[in-house]
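**Student:** Turn this into a structure:
(chains A and B)
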Number of protein chains: 2
Amino acid sequence: MKRVRVELLCAGSELLRGQVNTHLARISLRLAAAGLALGREASLPDDQDALAAEIRSALGRCDALIVCGGLGPTFDDLTREAAASALGRSLAYHPAIFKRIRRRFAELALSVPAENKRQAFVLAGAEVLANEVGAAPGQMLTLPARRPGGLPRTLVLLPGPYRELSPMLEGGVLPRLKKLYAAKARTMHLVWHLAGIPESRADERLKAPVARAGPESSFMILSYPGQVDFHAYLRAGSDRRAREIMRRVRRRVLAAVGRFVLWEGDLPLEAVVGRQLLARRLTLAVAESCTGGMIGARLTDVPGSSAYFRGGVVAYSDDLKKGLLGVDPARLARHGAVSEECCREMAEGVRRASGSSVGLSATGIAGPSGGTRAKPVGLVFIGVSGPGPGTKVHALRLSGEREFIRTRATTRALQLLLDSVRLARPRLVCYHDSSDDNKGKQSRNHKEIREASR
Amino acid sequence: MKRVRVELLCAGSELLRGQVNTHLARISLRLAAAGLALGREASLPDDQDALAAEIRSALGRCDALIVCGGLGPTFDDLTREAAASALGRSLAYHPAIFKRIRRRFAELALSVPAENKRQAFVLAGAEVLANEVGAAPGQMLTLPARRPGGLPRTLVLLPGPYRELSPMLEGGVLPRLKKLYAAKARTMHLVWHLAGIPESRADERLKAPVARAGPESSFMILSYPGQVDFHAYLRAGSDRRAREIMRRVRRRVLAAVGRFVLWEGDLPLEAVVGRQLLARRLTLAVAESCTGGMIGARLTDVPGSSAYFRGGVVAYSDDLKKGLLGVDPARLARHGAVSEECCREMAEGVRRASGSSVGLSATGIAGPSGGTRAKPVGLVFIGVSGPGPGTKVHALRLSGEREFIRTRATTRALQLLLDSVRLARPRLVCYHDSSDDNKGKQSRNHKEIREASR
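**Tutor:** Okay, the predicted model is just below:
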């Protein structure tokens, strides 16, 4: 199958001066779900010549180029002009667009600054993508193929703010790109989340079995604090073939690293924990010391988490450990706040105080100061009380900076919680299937996979 | 002054498949602090030919190219080979590097996978940058100038993980780049953190006064949930000149948007809050509902925060609001958990329960479900009880997605806390001065600024 090449160009000086660019990650995931791989990204400052040069060279090598940003009204918004100059096309004034912008401003009881008139200029021949949220419309232009008999090329200009860009991407751009460049491809994405195995070891074990899985598949290992994710992207000419490859890949992955697989599928760890708690009708409370609220924050990232998460205590000071969690003062004095004993009492205390079925606790030394020879920076205890009788306490010896230690302790706490509350390793594959928007079909595939894995 | 061109190339298929790239933002800020502007960034997949082509073309237009990632041991780590092919140089095996890697693994009671041997190969002529944290060393290579009489070029290869890359950048790379390309420049970076003004309005007010500040200065507005940051980068041939421009810029900024300036300088909001609490010998506790622990997590991001932060209660369920915070059940039933009344009682309750001088609370509807006509998604109450008698409750009406609402509520809570605990708007400029590493000198400049601003 011919590889279609899509590229992304982000325009904005702020991207080269400290503003985190989340567009790349978000857009690439949405392209992947549509069966399209992003082949390259570049970020450039608001410089018309540099932008024009990049647009010209990108259109010389790719099938579709998406440009984000630089469609605003201010002096440093230069994408329109850069694209026109790259293509040798003129910009045409669309009175209807300006009328719309004027109406938007009037609704907000504002007069339109003269600068906004620039937003009504569109590349000659381009389709206008209406902006439901802001002023600047997007533009989509079809260009002839690079070579005779090739596919036509597409140039897309989108505004910078993600909430403006996103509806245009979903409503106009992706359906078109999919139709033009990925109509016949069936793509699937699978991910396995591993813990307890270093990235290089996972790579070593997975390389040989998966590299032979077929030419249409590609793989990626991502490493996070305390977790390694293995992604497989499968692409085939038919559903049947895609499912076939997927089953084979999955079999091989589980054979190679099955015992390290914490869960499979698209959901983040905190959502998997939540589903498991819901399924078992369990409730949860947390007692956090060194993580200072991070465990609660991650658990409540999940919409609907109030169905199982009751809350808890951020017991950063010893007084709160005693006062709100009922940690025994004598024992606290003897063993210290960073101890197995205190961690156990914190988990049991928050479980009792909240009337939850499970109590989760974390206490440790995040650093950079506060460490001793006996209790060095990075020593963290995680306690899980329940479900049922008994409390388990795990000691972690982490290394790195404060932020890394806290993030890793949070992830490990959720992993240990998952181990305690689930009945069995899940056999569930939640994969991303771009081949059809029909949910029924997706769940049919889904079921098939489950059966195949029994 | 001649503009030096630095470019960044990020290698890794994961960057084009959903992994958020924070390297660009972090590295660009550190370059800026060293007086160097990043002119372009590109992200490429793990494809040796594509990487080699990009390295070749980047070295054809820039003075320094920093390549991140692809130095690991696995089959998809191809940066070494790509750079060698781009330059037409060989890779030389360094037994000392492999010995070091073997020792690292031995300390962890692991055998070295054969793959790791690849990490001991270095571009002929390159300087090795030791890795204090992981296995892969970095490499720095000096190349002849593009044109006769020009500056020599620099190619830097760094490992992908930021905690490995960061010490190399700080210890070896930035000092060298600064010496080579920015030796005579005095650079300063100032930042003002604004709240209560939209980005476009800040832009409108700041554009005219600061655009006339001088040719050596450049500016940037970054917008975050609930906050707008205005950055000024000043560059001059002498200290005296740099200070002169800085004072002028600062005067103009404060004249234009002074009443929206929450604080000035490099520290993050949570650290500014912490300093203020410390200076006034106040202690703090938080009661969080919709933010689920995010406020505590941000406060405890600051090392040493245990000196003023006692902890608090994540009161996600009504039971915990009543049980641990003493919210009156009848009032809770009448007004609901998302109400001014409940928010007030939460702030007062956590202050009382923890014996802190200040209690901060947040309760709201983060969505996506749970909203009603009277209490829509995005309605959030923030309560500040103390210092001294009295509790203030602020109602926010936020819009956007769950994550955005929670982040914005957290930031706003810390801003309102800062407003309550500080005695006066700080007149303190904590700027970044790259011109000298001498701290004495820096604080002398610093003092001068304070006097100038009286």
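**Student:** Sticking with the residue located most distally from the centre of chain A, tell me its helix or strand.
**Tutor:** No residue in chain A sits farther from the centre than A:Ala330, which is 45.2 Å out by C-alpha atoms, centre = their mean. Secondary structure from DSSP states H and E places A:Ala330 in helix A:329-335.
**Student:** do that helix and chain B meet at all?
**Tutor:** No. Applying C-beta under 8 Å from any C-beta of the partner chain, one finds helix A:329-335 separated from chain B by no less than 14.4 Å. No exception for glycine: its C-beta is placed from N, CA and C like everyone else's.
**Student:** Just the buried positions in that helix, please.
**Tutor:** A:Leu332 (16 or more other C-beta atoms under 10 Å in any protein chain shown).
**Student:** taking the mean pLDDT, what do you get for that helix?
**Tutor:** Computed over helix A:329-335, the mean pLDDT rounds to 95.
**Student:** Can you tell me which helices and strands that helix packs against?
**Tutor:** helix A:318-323, helix A:340-354 (3 or more C-beta pairs under 8 Å, 6 or more residues apart in numbering or on different chains; DSSP states H and E).
**Student:** Out of those helices, the one nearest chain B is which?
**Tutor:** When the helices and strands packed on helix A:329-335 are compared by C-beta to the nearest C-beta, helix A:318-323 sits nearest chain B, at 4.4 Å.
**Student:** about what we covered before: where does the helix holding A:Ala330 sit relative to the chain's centre, distance-wise?
**Tutor:** 42 Å (C-alpha atoms, centre = their mean, to the nearest Å).
**Student:** same thing with stretch A:292-299?
**Tutor:** Distance, centroid of stretch A:292-299 to centroid of chain: 18 Å (C-alpha atoms, centre = their mean).
**Student:** pull the CA atoms of that stretch into PDB?
**Tutor:** Output of stretch A:292-299 as PDB, limited to C-alpha atoms (Å, rounded to 0.1, in the frame of the first residue of the first chain):
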ATOM      1  CA  GLY A 292       0.400  16.500  48.100                       C
ATOM      2  CA  GLY A 293      -2.800  15.900  46.100                       C
ATOM      3  CA  MET A 294      -1.500  14.400  42.900                       C
ATOM      4  CA  ILE A 295      -3.200  11.100  43.300                       C
ATOM      5  CA  GLY A 296      -6.500  12.700  44.000                       C
ATOM      6  CA  ALA A 297      -6.000  15.100  41.000                       C
ATOM      7  CA  ARG A 298      -5.300  12.100  38.700                       C
ATOM      8  CA  LEU A 299      -8.200  10.100  39.900                       C
END
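**Student:** and the strand or helix carrying A:Leu414, is it in reach of chain B?
**Tutor:** A:Leu414 belongs to helix A:402-421 when assigned by DSSP H and E. Yes. On the criterion C-beta under 8 Å from any C-beta, helix A:402-421 is in touch with chain B at A:402-404, A:406.
**Student:** re the thing from before, hey, which of the helices and strands packed on helix A:329-335 is tucked in deepest?
**Tutor:** helix A:340-354 (a mean of 25; mean count of other C-beta atoms under 10 Å in any protein chain shown).
**Student:** Point out the other helices and strands that that helix packs with.
**Tutor:** Against helix A:340-354 (3+ C-beta pairs under 8 Å, 6+ apart) you get strand A:284-288, strand A:309-315, helix A:318-323, helix A:329-335, strand A:358-364, strand A:379-385, strand A:391-397, helix B:318-323.
**Student:** So A:Glu81 sits against A:Asp49, correct?
**Tutor:** No. Assessed by C-beta atoms under 8 Å, A:Glu81 is found out of contact with A:Asp49, at 10.2 Å.
**Student:** ok, back up a step: worst average pLDDT in the helices and strands packed on helix A:329-335?
**Tutor:** Among those, helix A:318-323 carries the lowest mean pLDDT (a mean of 93).
**Student:** So which of the helices and strands packed on helix A:329-335 is nearest B:Val249?
**Tutor:** helix A:318-323 (45.0 Å; C-beta to C-beta).
**Student:** which helices and strands does that closest one pack with?
**Tutor:** Against helix A:318-323 (3+ C-beta pairs under 8 Å, 6+ apart) you get strand A:309-315, helix A:329-335, helix A:340-354, strand B:309-315, helix B:340-354.
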